[in-house]
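A.B. asks: I'll drop the sequence and a predicted model, then ask my questions.
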Amino acid sequence: MITCLPVTGLGEVTEGEDLAALLATAAELRDGDVLVVTSKVVSKAEGRVIAGDRAEAIVGETDRVVARRGPTSIVRTRHGLVMAAAGIDASNTVPGTLVLLPLDPDASARAMRNALGADGGPNVGVLVSDTSGRAWRNGQTDIAIGAAGVEVLDDHAGRGDGYGNLLAVTAPALADEISAAADLVTGKVSRSPAAVLRGLDQVVLPRGEHGPGAAALVRPEDQDMFGLGSREAVLHALLREDERGFGSAVPLDELVAALGQVVPAVSVSVSPAGDAVEVTLTTSTGCDERRVGALEERACVLAFGLGWRRTAGGADSPLRFRPVRP
């Protein structure tokens, strides 16, 4: 049986306070427990509360913009997290102030775990949680942005199901699931900044082993199939200034097939050119130079979006593309 218990009576936490000591006093912790602490209270203790303009704060915390619709910005933070407004929050804080995410949530989780387990203290796992939206669903749920002493991912690859089917991609994000469960008893209204989950001994690592942290749950940029919003992807491909967000380069056969779709009235042939490929667009007789130029420009935009970049060359040089290497 899994039990989820709110940690109450913590009071307002301010910069410099010993959060681990406060939590140890407020919660009855046992070996094998998982302590989930909201990022906001961690940030408050670490002095990540500022006064200032929200838009400027978002820029300061942003690695790059993923999508923007009106006043809403979805960005990739310095941590690699993709979140609305870079995870900056203006709730449950003094009016006129903003709470930024912890600088290093995994380090925060490790420090709390070490402090809680010191001098014969209990061996607990620690998660730092934050609220996040989902691209395909309304509403938000909590996820783990920091972790120590917890198995964050349970990779089922290579296992079989009850019917003998081999599992390939199933990998429950245990740290996210635990954080979401904790949110049922914490949250903005209840003002309980932490929760203890009991009955999860099997996911808590031995004393002294912190594990890979929540950073292991961040998908690498070159594997991200949704690194840009639909509108932003079009804009970036046309401008061809920022190659991030498009993921790794597609195989050559996919590039050729896509070129055939985008310039269907043109014959496309590809030949090796060192570490690049040379693409020849053969047009019908009588096609003027402006038409040929427009088709080449379309091919360049497409190639950029698929992870291939045109090599340097003059306007009259042949089209040569090289795949982007991560």
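C.D. replies: Thanks, I have it.

A.B. asks: backbone dihedrals for the residue nearest the centre of the chain, please?
C.D. replies: Of all residues in the chain, the one closest to the mean position by CA atoms, centre = their mean is L81, 3.3 Å from it. When quoted as degrees, to the nearest 10, the phi and psi of L81 stand at phi -80, psi 140.

A.B. asks: quick one: the residue lying closest to R191 once chain neighbours are set aside from T25, how far?
C.D. replies: Nearest residue to R191 in three dimensions, chain neighbours excluded: N92, at 7.1 Å (CB to CB, 6 or more residues apart in numbering). For glycine as for every other residue, the C-beta is placed from the backbone atoms N, C-alpha and C. Counting by CB to CB, to the nearest Å, the gap between N92 and T25 amounts to 21 Å.

A.B. asks: so between those two, which is more surrounded?
C.D. replies: A side-by-side neighbour count of N92 and T25, using other CB atoms under 10 Å, places N92 first with 16 against 11.

A.B. asks: list phi and psi for that one.
C.D. replies: Main-chain torsions, N92, degrees, to the nearest 10: phi 50, psi 40.

A.B. asks: check contacts around the residue nearest to the centre of the chain.
C.D. replies: G87, L101, D130, S132, I145, V218 (CB atoms under 8 Å, 6 or more residues apart in numbering).

A.B. asks: so which of these comes closest to V41?
C.D. replies: Distance to V41 across the contacts of L81 (CB to CB) is lowest for D130, with 11.2 Å.

A.B. asks: buried residues in the host helix or strand of that closest one?
C.D. replies: Per DSSP states H and E, D130 falls inside strand 125-134. Using 16 or more other CB atoms under 10 Å as the test for burial, strand 125-134 gives G125, V126, L127, V128, S129, D130, T131, S132.

A.B. asks: how close does the first one get to A175?
C.D. replies: Spelled out, it's G125. Counting by CB to CB - G125 and A175 are separated by 9 Å.

A.B. asks: shared neighbours of those two, anything?
C.D. replies: Counting by CB under 8 Å, 6+ apart, the shared contacts of G125 and A175 are A147, V150.

A.B. asks: how about the CA coordinates for the helix or strand encompassing E278, as CSV?
C.D. replies: Element membership for E278 (DSSP H and E) is strand 276-282. Extracted in CSV, the C-alpha atoms of strand 276-282 (Å, rounded to 0.1, in the frame of the first residue of the first chain):
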residue,chain,number,x,y,z
ALA,A,276,28.0,16.3,-48.2
VAL,A,277,25.6,15.5,-51.0
GLU,A,278,25.1,17.4,-54.2
VAL,A,279,21.4,17.9,-55.2
THR,A,280,20.5,18.6,-58.8
LEU,A,281,17.1,19.9,-59.6
THR,A,282,16.3,19.3,-63.3
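
A.B. asks: quick one, strands of this protein?
C.D. replies: Secondary structure of the chain (DSSP state E): strands at 3-7, 34-38, 49-51, 62-69, 72-77, 82-84, 97-99, 125-134, 137-148, 194-198, 267-273, 276-282, 308-310, 319-323.

A.B. asks: if we can go back for a sec, Serialize the contacts of L81 to CSV and add fields for distance to D161.
C.D. replies: Converted to CSV, the contacts of L81 look like this (distance: CB to CB, whole Å):
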residue, distance to D161
G87, 36
L101, 37
D130, 33
S132, 29
I145, 31
V218, 28
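
A.B. asks: quick one: which of those residues is nearest to L259?
C.D. replies: Distance to L259 across the contacts of L81 (CB to CB) is lowest for V218, with 32.9 Å.

A.B. asks: any idea which helix is longest in the protein?
C.D. replies: helix 289-305 (DSSP state H).

A.B. asks: give me the contact list for that helix.
C.D. replies: 233, 236-238, 240, 243, 246, 255, 258-259, 262-263, 266, 279, 281, 283, 309-310, 319, 321.

A.B. asks: what angle do the helix-or-strand element of the chain with minimal mean pLDDT and strand 276-282 make?
C.D. replies: For the chain, using mean pLDDT, DSSP states H and E, the weakest element among its helices and strands is strand 267-273, scoring a mean of 73. Interaxial angle of strand 267-273 relative to strand 276-282 (axes from the mean of the first three to the mean of the last three CA atoms, to 10 degrees): 160 degrees.

A.B. asks: return the most buried member of the strands of the chain.
C.D. replies: Among these, the stretch with the highest mean neighbour count (mean count of other CB atoms under 10 Å) is strand 34-38, at a mean of 28.

A.B. asks: now that strand: average pLDDT?
C.D. replies: For strand 34-38, the mean pLDDT works out to 98.

A.B. asks: quick one: strands adjacent to that strand?
C.D. replies: Sheet pairing here is set by DSSP bridges, and for strand 34-38 it gives strand 125-134 (parallel), strand 194-198 (antiparallel).

A.B. asks: so, low pLDDT: which residues of the protein?
C.D. replies: Applying pLDDT under 70 to the chain flags the ranges 156-158, 160, 166-169, 187-190, 264-266, 273, 282-291, 313-316, 326.

A.B. asks: hmm, try it at 80
C.D. replies: Low-confidence segments of the chain (pLDDT under 80): 155-170, 187-191, 263-276, 280-293, 312-318, 325-326.
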